[in-house]
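*Asks:* what would the 3D arrangement of this be:
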Amino acid sequence: MANAASGMAVDDECKLKFLELKSKRNYRFIIFKIEQQQVIVEKLGGPDESYEDFTNSLPIDECRYAVFDFDFITDENCQKSKIFFIAWAPDTSKVRAKMVYASSKDRFKRELDGIQFELQATDPSEMSLDIVKARAI
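*Replies:* Predicted coordinates for the structure are as follows:
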């Protein structure tokens, strides 16, 4: 169902795959793209894939949404996991695409119940593993 403000629909598979990432831990990450006025799943990263695999999966000149399930060990030696939502809008992407992704982001994010942190990045340095770790801990 399209949203009147952004005109964007969200494919059911987006929500289903996110639930699998959140509850079953079937995936390490999911990359979403907007295609024909609809947010769809573009790529699923398996549970053994790394943060580097994830960042290498993002196109260098196109916008994307992504979620990443970040595992870490706390100072108290506890295993924890945090789900990050990443809005990827590289400087080299088209202005129109940046506008569409920006205007649809909040509505899409609301469809994914369980996001704990959000990052917005225009180049890889803005979403480095160190930044993710610092936000999670």
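*Asks:* name the spans of the chain whose pLDDT lies under the cut-off.
*Replies:* Within the chain, the stretches with pLDDT under 70 are 1-7.
*Asks:* can you name the farthest residue from the center of it?
*Replies:* In the chain, the greatest distance from the average C-alpha position (CA atoms, centre = their mean) is reached by Glu76, at 28.0 Å.
*Asks:* may I have the beta-bridge partners of the residue most central in space within the chain?
*Replies:* The geometric centre of the chain, computed from its C-alpha atoms, lies nearest to Ala66 (CA atoms, centre = their mean), at 1.6 Å. Assessed by DSSP bridges, Ala66 has beta-bridge partners Ile31, Ile86.
*Asks:* give the contact list for it.
*Replies:* By CB atoms under 8 Å, 6 or more residues apart in numbering, Ala66 lies in contact with Phe29, Ile30, Ile31, Phe32, Phe54, Leu58, Phe85, Ile86, Trp88. (Glycine included, C-beta is placed from N, CA and C.)
*Asks:* count the neighbours of the third one for me.
*Replies:* Using other CB atoms under 10 Å, Ile31 is surrounded by 20 other residues.
*Asks:* mind checking how far it is from Asp53?
*Replies:* 11 Å (CB to CB, to the nearest Å).
*Asks:* same check on Glu111?
*Replies:* Counting by CB to CB - Glu111 and Asp53 are separated by 25 Å.
*Asks:* which stretches of the protein form strands?
*Replies:* Along the chain, counting by DSSP state E, strands occupy 9-10, 29-35, 38-45, 64-73, 79-88, 117-121.
*Asks:* which stretch among those strands comes nearest Ala97?
*Replies:* Nearest to Ala97, of all the strands of the chain, is strand 29-35, at 7.9 Å by CB to CB.
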